[in-house]
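J.: Have a look; sequence and predicted model below, questions after that.
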Amino acid sequence: MPNIFNIFKKATGEISALRNWVPYFYAYMVPYKLDSSRVDYKLARALYNNADDRYKLGAGFARPIINTTAGFMGVPHFTHADPEADNELESVMSKWAGKLLRINRNVLRDGDVFVRIDRVPAKFNSRQQVFDLRLIPPEWVTPILDPLTGSYQQLIIRYPVTVTDAQGRTINDYTVTETLTGTARTIEYDSRAPAELLMKNGTEPNPWGFIPVVHFKNEAEETQLYGNSDLEPIEPFMKVYHDTMLFAAQGSKLFSRPKAKFKLKDVEKFLEDNFSKEEIDAGKLKFADKEIFLMQDGDDADFITADSGLTGITTLLEFIFYCIVDVSETPEFAFGTAVASSKASVSEQMVPLARKIRRKRGMFEEYYSELASMYLAMWSKVQNMKLDTYDVDIGWEEISPKDDSAVANTIKTLVDGLSTAIESGLMSIDAAAEFLREFVPSMLPWADPDADDDERRRVAKSMIFRRRVEDGQGFEEGQQTGEELSNADSME
């Protein structure tokens, strides 16, 4: 009878190497019916660090793929309607900027990141409590969801602890289980823990009223409880690249060592002239370090070399490389191949990358907004203040896939053409301004009587300011009355 586990292993195939599947019979034991398969976090990190011998020659693509996306995403900035809360958000998120960057990297690589906000003693003053942001390894966390609302019923975190002696040898290991709910926090040390720690087992109230953990998921699906790693789609290609490179490297040892071929009329004479009697009697002829062979008339010597197949291997490796580029949605220059290419090709590759970054940012906005709102709720409770809302606006730095010099030349050409059209009476200023707005996002509508400001008012203010600069007046203290600017605001 075939082993059921071997059959299951064959069914998953090589492409499933980065995902831990929950056996079918176990699915009835979990407290939710979402897909509970998780990324093999250990393998994902090994691929990122190129530490797995099965992928050594192909996993070098993993780090540029993750780092390029995470680097272009950057850190969001948060704004709140309340000035004090806005300043607090700006201050704490600036302090946590490095951890926010790690969130981007880890969630793209691992598929899941559990981020916790906690109130802990200050590092250099244990009597002072401060907020801390912690990234919990996702393999330690088991979330239990409410099937109706999708929110957390409880969150179980299992911390593995290893105790070593002075020589680094393990003398004990145990697990600390922390269970979080909206009302309580339970700590439980297992039986292997020291007696003084077992006395700390117990439950205490949760002062926040909610579980202060945000689950970041990459490429989240409605049918899945956990996210997906960006390395999953390219894992089989990295394996094939490794196998192809390994075959080529091993074969090159054979191909690069040619064999000697001799065409001789008198073999015995050739042996006597070129080898010692001991070598001939032993039947072991040494060709090493022989630079000269004594040969007779009509003799010939040549080398036999095998076809290395380098052309075919190079073509195959190039094909696999482009498969990795396409599937990972990562431009070629991220791998260093565009160093000698033209700038235009890099600009063209930036267009799909910019779209990928916008899509990734859009997926993470919900989690970042929840994280910022959660912090404000905890901070306001500590400060004994009441905020009208905990909603936070998320913003990102603009990604421009266009060539700045090309954009500048385009705008200059447009302005020259539009100015000529206006002066010749073929176009109105309003039409020219509206046309130019498509290329200059910071421009306002030319005339908007219902708004506090429009582009026509801005132009009038700029002209007044230029006249003041040219006249050298209006800059002494107390002389800037703003009368002319007020007149510009009242223009119809």
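T.: Yep, it's here.
J.: Could you list the low-pLDDT ranges of this structure?
T.: 1-17, 20-34, 251-258, 288-289, 304-309, 337-347, 400-406, 470-492 (pLDDT under 70).
J.: What are the structural domain limits within it?
T.: The chain breaks down into these domains under automatic domain parsing: 112-217, 248-329, 405-489.
J.: Quick check: which of the ones you listed is buried the most?
T.: The highest average neighbour count among the domains of the chain, using mean count of other Cβ atoms under 10 Å, belongs to domain 112-217 at a mean of 14. All C-beta atoms are positioned from the backbone trio N, CA, C, and that covers glycine.
J.: Ends of that domain, what's the gap?
T.: Start and end residues of domain 112-217 are separated by 5 Å (Cα to Cα, to the nearest Å).
J.: got the residue ranges for the helices in the stretch 51-200 of the chain?
T.: Here the stretch 51-200 of the chain has its helices, by DSSP state H, counting those that start in this stretch, at 62-73, 83-95, 97-110, 195-198.
J.: would you list these in a markdown table and tack on distance to Glu366?
T.: Compiled in a markdown table, the helices of the stretch 51-200 of the chain are given as follows (distance: least, Cβ to Cβ, whole Å):
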| stretch | distance to Glu366 |
| --- | --- |
| helix 62-73 | 15 |
| helix 83-95 | 17 |
| helix 97-110 | 13 |
| helix 195-198 | 38 |
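J.: ok, Thr410 - contacts?
T.: Phe439 (Cβ atoms under 8 Å, 6 or more residues apart in numbering).
J.: For it, what are phi and psi?
T.: phi -60, psi -50 (degrees, to the nearest 10).
J.: do the same with Ser442
T.: Dihedral angles of Ser442 (phi, psi; degrees, to the nearest 10) stand at phi -80, psi -10.
J.: Among the domains of the chain, which comes closest to Asn49?
T.: domain 112-217 (15.1 Å; Cβ to Cβ).
J.: starting at the chain centroid, how far to the closest one?
T.: 26 Å (Cα atoms, centre = their mean, to the nearest Å).
J.: circling back to that earlier point, for Glu232, find the nearest of the domains of the chain.
T.: That would be domain 248-329 among the domains of the chain, by Cβ to Cβ, at 9.9 Å.
J.: That closest one spans what distance, first to last residue?
T.: Using Cα to Cα, one end of domain 248-329 lies 27 Å from the other.
J.: mind starting the numbering at 19 from now?
T.: All right, first residue 19 from here; so that's domain 266-347.
J.: can you give me the helices for the stretch 269-418 of the chain?
T.: So, for the stretch 269-418 of the chain - with DSSP H, counting those that start in this stretch - the helices run 285-292, 295-300, 328-346, 361-401.
J.: which residue sits closest to Pro156, ignoring its sequence neighbours?
T.: Ranked by Cβ to Cβ, 6 or more residues apart in numbering and with sequence neighbours excluded, the top spatial neighbour of Pro156 is Asp130, at 3.9 Å.
J.: Could I get the full set of strands for this protein?
T.: With DSSP state E as the criterion, the chain has strands at 37-38, 56-57, 95-97, 130-139, 147-154, 159-163, 170-182, 188-198, 202-207, 220-223, 231-235, 277-281, 318-322, 411-413.
J.: Reformat the ones you listed into JSON lines and put distance to Pro254 next to each item.
T.: Shown next, in JSON lines, are these (distance: least, Cβ to Cβ, whole Å):
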{"stretch": "strand 37-38", "distance to Pro254": "12"}
{"stretch": "strand 56-57", "distance to Pro254": "15"}
{"stretch": "strand 95-97", "distance to Pro254": "38"}
{"stretch": "strand 130-139", "distance to Pro254": "21"}
{"stretch": "strand 147-154", "distance to Pro254": "29"}
{"stretch": "strand 159-163", "distance to Pro254": "28"}
{"stretch": "strand 170-182", "distance to Pro254": "31"}
{"stretch": "strand 188-198", "distance to Pro254": "35"}
{"stretch": "strand 202-207", "distance to Pro254": "41"}
{"stretch": "strand 220-223", "distance to Pro254": "47"}
{"stretch": "strand 231-235", "distance to Pro254": "23"}
{"stretch": "strand 277-281", "distance to Pro254": "38"}
{"stretch": "strand 318-322", "distance to Pro254": "38"}
{"stretch": "strand 411-413", "distance to Pro254": "35"}
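J.: Quick one: closest of those strands to Pro459.
T.: strand 411-413 (14.6 Å).
J.: Good, wrapping up.
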